[in-house]
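J.: Structure of the sequence below:
(chains A, B, C and D)
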There are 4 protein chains.
Amino acid sequence: MSEKNDDSLVISSDPLHPANLIPELCRSFYQLGWVTGTGGGICIRTGDKVFIAPSGVQKERIEPSHIFVLPYPQTDPSPHTDRVFLRRPALNLKESACTPLFWNSFDLRDAGSCIHTHSQHAVMATLLWPGPIFKISHQMIKGVRIAGTGRALSYLDTLELPIIENTPNEEDLKDSMAEAMIKYPNAAGVLVRRHGVYVWGADWEKAKTQTECLDYLFQIGVKMKLAGLPTVLNEEKLL
Amino acid sequence: MSEKNDDSLVISSDPLHPANLIPELCRSFYQLGWVTGTGGGICIRTGDKVFIAPSGVQKERIEPSHIFVLPYPQTDPSPHTDRVFLRRPALNLKESACTPLFWNSFDLRDAGSCIHTHSQHAVMATLLWPGPIFKISHQMIKGVRIAGTGRALSYLDTLELPIIENTPNEEDLKDSMAEAMIKYPNAAGVLVRRHGVYVWGADWEKAKTQTECLDYLFQIGVKMKLAGLPTVLNEEKLL
Amino acid sequence: MSEKNDDSLVISSDPLHPANLIPELCRSFYQLGWVTGTGGGICIRTGDKVFIAPSGVQKERIEPSHIFVLPYPQTDPSPHTDRVFLRRPALNLKESACTPLFWNSFDLRDAGSCIHTHSQHAVMATLLWPGPIFKISHQMIKGVRIAGTGRALSYLDTLELPIIENTPNEEDLKDSMAEAMIKYPNAAGVLVRRHGVYVWGADWEKAKTQTECLDYLFQIGVKMKLAGLPTVLNEEKLL
Amino acid sequence: MSEKNDDSLVISSDPLHPANLIPELCRSFYQLGWVTGTGGGICIRTGDKVFIAPSGVQKERIEPSHIFVLPYPQTDPSPHTDRVFLRRPALNLKESACTPLFWNSFDLRDAGSCIHTHSQHAVMATLLWPGPIFKISHQMIKGVRIAGTGRALSYLDTLELPIIENTPNEEDLKDSMAEAMIKYPNAAGVLVRRHGVYVWGADWEKAKTQTECLDYLFQIGVKMKLAGLPTVLNEEKLL
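T.: The predicted structure is shown next:
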């Protein structure tokens, strides 16, 4: 495992460089309640490089110098001792436990960015939709894209997201997440019961706006359930 | 269709210039949860010019250079290929799908600004008031003006806003919104079921403060309904 | 009515000068949801001068130059044409409709600052406590002072705030507010049904922290009521 | 009681110096609703010095010059007239009433930082879990460490926090808090009924992230209880 450790990969004066964007986005995700207490994260893939925030740190205090850079493609082996890096932080930081799950979004959907949140709206949705699917219709779903990277959904579509069961180690979700993505090829994200959600997009902007749209739908769906309102309508029985 | 494309229309050092105000207001609307995930927006009309934010972008990251400028008056044809512009952004940005709806507020109410939100308070109000009207009394409604541009309501008035049914394409709401505005000439805004609200005012300040007042009323109205409290009182039966 | 109009009264480089503090505090009250849509406000009295924000404006955008300054004492006559000012803004701004109510806090409690909010927690409290008193015990009430300017309450005290009925014009609340303050000499504030709350303190810091404490108590009280929990305990029946 | 009063202890250009961190963290705790109305606080211990914010002040407006510095170890006697200080603010500020409780975290857990909040999520948890223990399982508890300073909990563990009864004076909680920490040696914090929570960690970062994790769990636990969902699962009866 010969690795370069090229710090220049995370030094840029461009605010839209991934090493600058990730800290800024994490600060705003913290404000949204998506990444409190070190949970959650984001990665950005630009061609053959993947930029990832470290694990187990305060997400609202990440600096560009904390960012890991990995080459893409590479097999992302679950024993992560085999992972190849282009750049690791000098500090004693751990690589993200989400890495194999982010890789699913690249390998199976050709995503350019993937976001993981612990939003309570997502978690409550997985509790109030106890089956394997979160489903909602006749809400503002048109900001979400089919499969996360395809064409936008229409108001008349029904949004469906698979819900997988949680595991003690984040890495162990890799296979069940991949399975759900294959079984539901149109799904724009994967919910993890009692844990959160993974959402991806063609680039960081689309991953972010789709995460916002889905979080909005989880939130309004939960409010509707608690108010006793139906969350999926047949065309015939409009409220 | 001969068009100028005058970039100077969106360059100003005055923070109150519409091209500077729209980005600033959109950032604050994002904080309020009104425009998450690219939804919602605002336009400002100053005499014969209309400034509009682009469609489908992150509303909290708009720059003055992203603003469209259209001449007023013009017929706003629903096939928007016929729209005339004074200035379009150089970037590959789409004009707002709200344009025909904003035009209703100019043509039917002589508004100077119109705001569209996807606020969950508005959406929940349209679900808990399943008929064609949202109604509330004996709350702080005196910040709202009759017809949006007339005199202020009094505490003793009952606020009524029409609710129209949503359509897959925003543009297709134009006629039903206009119809509702004509049928309810005192209405200060129009709710769109399962979607959000349109609110206008004589200028951007009044449009914004009225949107805040109405959003406050949607929120407290929803809380009251869920708590089993009556939202409209006869004078005789004060709580 | 001979008036000076001394602009120097609102020009200071000291961030703690009332003319600088009021805009800053109003911005933070806006973030708290206390003064949306032009409602609510704050005044600060320093010896013989009273600084008040104008009426009907966006509270988060007030500038020092917008502040009114009135001499104290003066009879505050409800026909406000007789009010005396030391300084009025050059702009076309209206004096605050809260003025006579702020005056109650000076005349009856010797307050140095009074805050008025439209907080939904206050409004919901007036709906879920339908009688003339909001009452709560065994919560963090020790940040509140007896009569607003006296010694701090203890955890073992029961907090009681009178609730007065709303009127269409803010000024018309003056007498019923004064009556409630006289009838409940220990009350640290006065709730206005379906409208909001008035809270005062010996200075702006105490007025602000007491408003925060009371708002916290309205919020937790409302949550407890909606969850079916008792909000006042006898010592014998601790939960 | 001979004391130095060394102001240089709170003057540093390093943003991570405790005297700079405490004001910054208090501002962010205020945004989270943890320390409104002067309640709550944080201390940081670095080797033989303890930095503590003053009592009864607006937590979002603390300055480095307001910080108290105490030597560690010292017996922290409940009659606080005997406390030894390395530095007291020149201003008329009171030392924190939380001091003896913070000392529990140093003496019994060797903590490097302790945080006290009045978060409504914590308070509601103490009301909806009326017994002596708050318990939750199958949620994102892995950000919490056993005993607050040990190894991280696993998703399969059940989180348990003792709840002690409140007293009128904060200092009087010292003994019951210590008792609860001894009785529940794995507890990562102590809830105080109708009051708030104390959470500690090996350093300020771990204390803060664990407080966030616990507050998240109080919040989701309360939501689950109110929605009628079970908050502790046997492995056999997964939802």
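J.: so what pLDDT did A:Ser13 get?
T.: Looking at A:Ser13, its pLDDT reads 97.
J.: In a helix, it, correct?
T.: No - residue assignment for A:Ser13, taken from DSSP: H, G, I helix; E, B strand; the rest coil, gives coil, which places it outside any helix.
J.: Run a quick neighbour tally on it.
T.: Counted with other CB atoms under 10 Å in any protein chain shown, the burial measure for A:Ser13 works out to 6 neighbours. In short, each C-beta sits where N, CA and C put it, glycine included.
J.: so who does it touch?
T.: With contacts taken as CB atoms under 8 Å, 6 or more residues apart in numbering or on different chains, A:Ser13 has no neighbouring residues.
J.: Could I get the phi/psi values of it?
T.: Note on A:Ser13: its backbone torsions stand at phi -90, psi 0 [degrees, to the nearest 10].
J.: From D:Pro15, how far out is it?
T.: In this structure, A:Ser13 and D:Pro15 are separated by 22 Å, where distance is defined by CB to CB, to the nearest Å.
J.: helix or strand for the closest residue to A:Ala122 other than its chain neighbours, which one?
T.: Across the structure, with CB to CB, 6 or more residues apart in numbering or on different chains as the measure, the residue nearest A:Ala122 apart from its sequence neighbours is A:Val197 (4.2 Å). In this structure, A:Val197 is located in strand A:196-201 according to DSSP states H and E.
J.: Ok, A:Arg27 next?
T.: For A:Arg27, the enclosing helix or strand under DSSP H and E is helix A:18-31.
J.: And for A:Cys43?
T.: Using DSSP H and E, A:Cys43 falls within strand A:41-46.
J.: partner strands of that strand, parallel or antiparallel?
T.: In its sheet, strand A:41-46 lies beside strand A:49-52 (antiparallel), strand A:113-117 (antiparallel), with partners assigned from DSSP bridges.
J.: and the angle for it with strand A:196-201?
T.: For strand A:41-46 against strand A:196-201, the angle by axes from the mean of the first three to the mean of the last three CA atoms, to 10 degrees is 20 degrees.
J.: Chain C versus the most centrally placed residue in chain A, what's the distance?
T.: In chain A, the C-alpha nearest the mean C-alpha coordinate belongs to A:Ile115, at 2.6 Å (CA atoms, centre = their mean). Using CB to the nearest CB, to the nearest Å, A:Ile115 is found at 26 Å from chain C.
J.: Bridged to that residue, which residues?
T.: On DSSP bridges, the residues paired with A:Ile115 through beta bridges are A:Ile42, A:Val199.
J.: Just the strands from chain A, written as ranges.
T.: Secondary structure of chain A, counting by DSSP state E: strands at A:41-46, A:49-52, A:68-71, A:113-117, A:133-137, A:158-164, A:189-192, A:196-201.
J.: I'd like these as JSON lines, with mean pLDDT appended.
T.: JSON lines is the format used below for the strands of chain A (pLDDT from 0 to 100):
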{"stretch": "strand A:41-46", "mean pLDDT": "96"}
{"stretch": "strand A:49-52", "mean pLDDT": "97"}
{"stretch": "strand A:68-71", "mean pLDDT": "96"}
{"stretch": "strand A:113-117", "mean pLDDT": "98"}
{"stretch": "strand A:133-137", "mean pLDDT": "97"}
{"stretch": "strand A:158-164", "mean pLDDT": "97"}
{"stretch": "strand A:189-192", "mean pLDDT": "98"}
{"stretch": "strand A:196-201", "mean pLDDT": "98"}
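J.: Return the most buried member of those strands.
T.: Of all the strands of chain A, strand A:113-117 carries the top mean neighbour count, a mean of 30, counting by mean count of other CB atoms under 10 Å in any protein chain shown.
J.: related to what we said a few turns ago, give me the contacts around the strand holding A:Cys43.
T.: Residues outside strand A:41-46 that contact it (CB under 8 Å, 6+ apart) are A:18, A:21-22, A:25-26, A:29, A:35, A:50-53, A:55, A:59, A:72, A:96, A:98-99, A:102, A:106, A:111-116, A:204, A:207.
J.: again, but for stretch A:162-174
T.: Contacting residues not belonging to stretch A:162-174 are listed as A:78, A:80, A:97-101, A:103-104, A:126, A:129, A:131-134, A:176-177, A:179-181, A:183-184, A:187, A:190-195, D:138, D:142, D:154-156, D:238 [CB under 8 Å, 6+ apart].
J.: tally of neighbours for the residue of chain A found nearest chain D?
T.: Shortest chain A-to-chain D distance, computed as CB to the nearest CB: residue-wise this is A:Gly37, at 3.7 Å. Neighbours of A:Gly37 under the rule other CB under 10 Å: 24.
J.: Distance check, it against A:Ser28.
T.: Going from A:Gly37 to A:Ser28 by CB to CB gives 17 Å.
J.: List the ones among the contacts of stretch A:162-174 that fall in helices.
T.: A:99-101, A:103-104, A:126, A:176-177, A:179-181, A:183 (DSSP state H).
J.: Now distance to B:Thr149, neighbour count and pLDDT too, for these, in JSON lines please.
T.: Output for the ones in helices among the contacts of stretch A:162-174, formatted as JSON lines (distance: CB to CB, whole Å; neighbours: other CB atoms under 10 Å in any protein chain shown; pLDDT from 0 to 100):
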{"residue": "A:Thr99", "distance to B:Thr149": "56", "neighbour count": "22", "pLDDT": "94"}
{"residue": "A:Pro100", "distance to B:Thr149": "57", "neighbour count": "21", "pLDDT": "94"}
{"residue": "A:Leu101", "distance to B:Thr149": "52", "neighbour count": "25", "pLDDT": "96"}
{"residue": "A:Trp103", "distance to B:Thr149": "55", "neighbour count": "26", "pLDDT": "96"}
{"residue": "A:Asn104", "distance to B:Thr149": "53", "neighbour count": "24", "pLDDT": "97"}
{"residue": "A:Thr126", "distance to B:Thr149": "46", "neighbour count": "23", "pLDDT": "98"}
{"residue": "A:Ser176", "distance to B:Thr149": "56", "neighbour count": "16", "pLDDT": "97"}
{"residue": "A:Met177", "distance to B:Thr149": "53", "neighbour count": "21", "pLDDT": "98"}
{"residue": "A:Glu179", "distance to B:Thr149": "57", "neighbour count": "14", "pLDDT": "98"}
{"residue": "A:Ala180", "distance to B:Thr149": "52", "neighbour count": "23", "pLDDT": "98"}
{"residue": "A:Met181", "distance to B:Thr149": "51", "neighbour count": "23", "pLDDT": "98"}
{"residue": "A:Lys183", "distance to B:Thr149": "54", "neighbour count": "10", "pLDDT": "98"}
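J.: Reformat those as a markdown table; add distance to chain D.
T.: Putting those into a markdown table (distance: CB to the nearest CB, whole Å) gives the following:
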| residue | distance to chain D |
| --- | --- |
| A:Thr99 | 17 |
| A:Pro100 | 17 |
| A:Leu101 | 15 |
| A:Trp103 | 21 |
| A:Asn104 | 20 |
| A:Thr126 | 9 |
| A:Ser176 | 14 |
| A:Met177 | 16 |
| A:Glu179 | 18 |
| A:Ala180 | 17 |
| A:Met181 | 22 |
| A:Lys183 | 20 |
